[in-house]
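S.K.: I need the structure of the sequence given here:
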Amino acid sequence: MNVDAAVAAVAAIAGLCTGVFAMLAFRWSERDQAKPTRSSLHTDAVLPPGVDTVLSVLRSSAVVLDEADAVVKASSAAYALGLVRGGKLAVEPMMQMARDTRRDGEIRQVELDLPRRGTGRGEALAVSARVAPLGSRLVLLLVEDLTEARRIEAVRRDFVANVSHELKTPVGALSLLSEAVMDASDDPEAVERFAGRMQNEATRLTSLVQELIDLSRVQNDDPLEDAEPVRVDELVAEAMDRCRQQAGAKQITMAAGGTADLSVWGNRGQLAAALGNLVENAVNYSPARTRVGIAGRRVSAPGGDLIEIAVTDQGIGISEKDRDRIFERFYRVDPARSRATGGTGLGLAIVKHVAASHGGEVTVWSAEGQGSTFTLRLPEAGAVRDRERPADLTAEGLDDEDRPYETFNDPLPAHPAPEVLP
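M.R.: Numbering: from 1, shown residues only. This next block holds a predicted model:
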């Protein structure tokens, strides 16, 4: 009996000890969980109240550094620009600015050109960095991306320079020709010849001014304020009528085809001007006795059906180095040829702005010596309808993905050699 009592007593004591140990372990665990972690010391405890929220809504890239130059807080934009890598500020000039500001407390600002992440080309990222003290130990770095602003400013400078040059050329020619007319007042043939050239320069100047007005209008106006359903066949007919005289003079055949009863949503005047510019370019840059085709079709897209209007010619084509720039204002593939055809270099820029303002785009396929196809994609008017797409007729030797479709009532041949008039 004494042995059983002793065993029971030992078991009771052991159970009591186990309970006490479990209780102490639970208390220790709670105390460890209540202790601030290293990361929380760097964010919640170190940053002044409300700073974290303010930094999260700033448009600028924000980085907060502690006294050891470690990144305490960085916005997602700072990581996207490549300012912060591996928990450290990766731009040495900005790091030096932060150290100087921590030492003397002065606010510093500088503009830098940084290499762009993920590109093998020498493209620079223009930024403006501003460093200021944040409390007694922290430093705040705000970085603003100026790349787009600089690009826009450069475009504006080029635009002003180009406008000045383009306007001065016909104005100067008119001045010289008027002097020549005065000097040749007793020579009727010379007066007639100079008067004809003056008329050409005046026509060119009028076209340039009108296209400048059109470009300014499509850039500043909202075309969807006066939007309406516009039939594609009416736009095509209007574009063909606009170029019928030039096409007839060069014996160029214009053919329309594709899917019938298509409509787009937008400003009728701007859409007619855009398509008219594409057809006019196709006629002006095509050899004599060739063909220009205009075709429309419906294509499916995630946001709703789109209408594609393709203008195909059998002209000289566009080299690869020029394709990325042909939609720039005043850019000409061949300046001498553009002057001969009366081009101002603004037609494709107007097409690009009209397409963008209508929620669409314009693309180009071209090969030197084979011709070009400009495709205008615009949202369809009305509800999305699922219709059978027309069969594509492609140029010989090219895949469907490489060559835009040609769907004409009388299809174009696969870009034969142009027949030159005698």
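S.K.: Spatially nearest residue to L278, not counting backbone neighbours?
M.R.: Spatial nearest neighbour of L278, excluding adjacent residues (C-beta to C-beta, 6 or more residues apart in numbering): V311 at 4.4 Å. From N, CA and C alone the C-beta is placed, and that goes for glycine too.
S.K.: contacting residues around the helix or strand containing that neighbour?
M.R.: Under the criterion of DSSP states H and E, V311 resides in strand 306-312. Outside of strand 306-312, the residues within contact range by C-beta atoms under 8 Å, 6 or more residues apart in numbering are 232, 235-236, 258, 262-264, 275, 278-279, 282, 292-300, 360, 371-380, 404-406, 412.
S.K.: Please type out the ChimeraX selection for whichever of these turn out to be buried.
M.R.: Applying 16 or more other C-beta atoms under 10 Å to the contacts of strand 306-312, the buried members can be selected in ChimeraX as follows:
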select :232,235,236,258,262,263,264,275,278,279,282,292,293,294,295,296,297,298,360,371,372,373,374,375,376,377,378,379,380,404,405,406,412
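S.K.: Pull stretch 236-250 out as CSV, backbone CA atoms only.
M.R.: Taking Å, rounded to 0.1, in the frame of the first residue of the first chain, the C-alpha atoms of stretch 236-250 are listed here in CSV:
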residue,chain,number,x,y,z
VAL,A,236,-14.9,54.6,-99.4
ALA,A,237,-17.0,56.2,-102.2
GLU,A,238,-16.1,59.7,-100.9
ALA,A,239,-12.4,58.9,-100.8
MET,A,240,-12.5,57.5,-104.3
ASP,A,241,-14.3,60.6,-105.6
ARG,A,242,-11.7,62.8,-104.0
CYS,A,243,-8.9,61.1,-105.9
ARG,A,244,-10.6,60.2,-109.1
GLN,A,245,-9.0,63.1,-111.1
GLN,A,246,-5.5,62.2,-110.0
ALA,A,247,-6.1,58.5,-110.6
GLY,A,248,-7.5,59.2,-114.1
ALA,A,249,-4.5,61.3,-115.1
LYS,A,250,-2.2,58.3,-114.3
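S.K.: Which of the residues in stretch 52-59 are classified as buried?
M.R.: Buried residues in stretch 52-59, defined by neighbour count with 16+ other C-beta under 10 Å: L55.
S.K.: for that stretch, what is the average pLDDT?
M.R.: Averaging pLDDT along stretch 52-59 yields 75.
S.K.: got the contact list for that stretch?
M.R.: With contacts defined as C-beta under 8 Å, 6+ apart, stretch 52-59 is touched by T43, A62, V64, K73, S75, L142, E144.
S.K.: Okay, the residue nearest to L278 and A237: tell me how far apart.
M.R.: According to C-beta to C-beta, to the nearest Å, V311 stands 14 Å off from A237.
S.K.: Dump the contacts of stretch 52-59 to JSON lines, plus distance to A355.
M.R.: Shown next, in JSON lines, are the contacts of stretch 52-59 (distance: C-beta to C-beta, whole Å):
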{"residue": "T43", "distance to A355": "47"}
{"residue": "A62", "distance to A355": "37"}
{"residue": "V64", "distance to A355": "44"}
{"residue": "K73", "distance to A355": "42"}
{"residue": "S75", "distance to A355": "34"}
{"residue": "L142", "distance to A355": "37"}
{"residue": "E144", "distance to A355": "31"}
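S.K.: taking these one by one, which sit in strands?
M.R.: Residues of those located in strands (DSSP state E): A62, V64, K73, L142, E144.
S.K.: from these, which two are the most distant?
M.R.: K73 and E144 (17.7 Å; C-beta to C-beta).
S.K.: Neighbour count: those two, which is higher?
M.R.: K73 (22 against 16; other C-beta atoms under 10 Å).
S.K.: Quick check: V232 touching R268?
M.R.: No: using C-beta atoms under 8 Å as the test, V232 is too far from R268 to be in contact (11.5 Å).
S.K.: now, which of the ones in strands among the contacts of stretch 52-59 sits nearest M254?
M.R.: Once C-beta to C-beta is applied, the member of the ones in strands among the contacts of stretch 52-59 that ends up nearest M254 is E144, at 51.2 Å.
S.K.: Might you report the residue contacts of R244?
M.R.: Taking C-beta under 8 Å, 6+ apart, we find R244 in contact with M254.
S.K.: all helices of the stretch 1-150 of the chain, in order?
M.R.: Secondary structure of the stretch 1-150 of the chain by DSSP state H, counting those that start in this stretch: the helices cover 2-34, 38-40, 51-57, 76-80, 92-104, 147-183.
S.K.: Run through the stretch 1-150 of the chain and note the low-pLDDT ranges.
M.R.: For the stretch 1-150 of the chain, applying pLDDT under 70 flags the ranges 1-46, 116-123.
S.K.: hang on, the earlier thing: look up how far A78 lies from the residue nearest to L278.
M.R.: Note on V311: its distance to A78, by C-beta to C-beta, is 46 Å.
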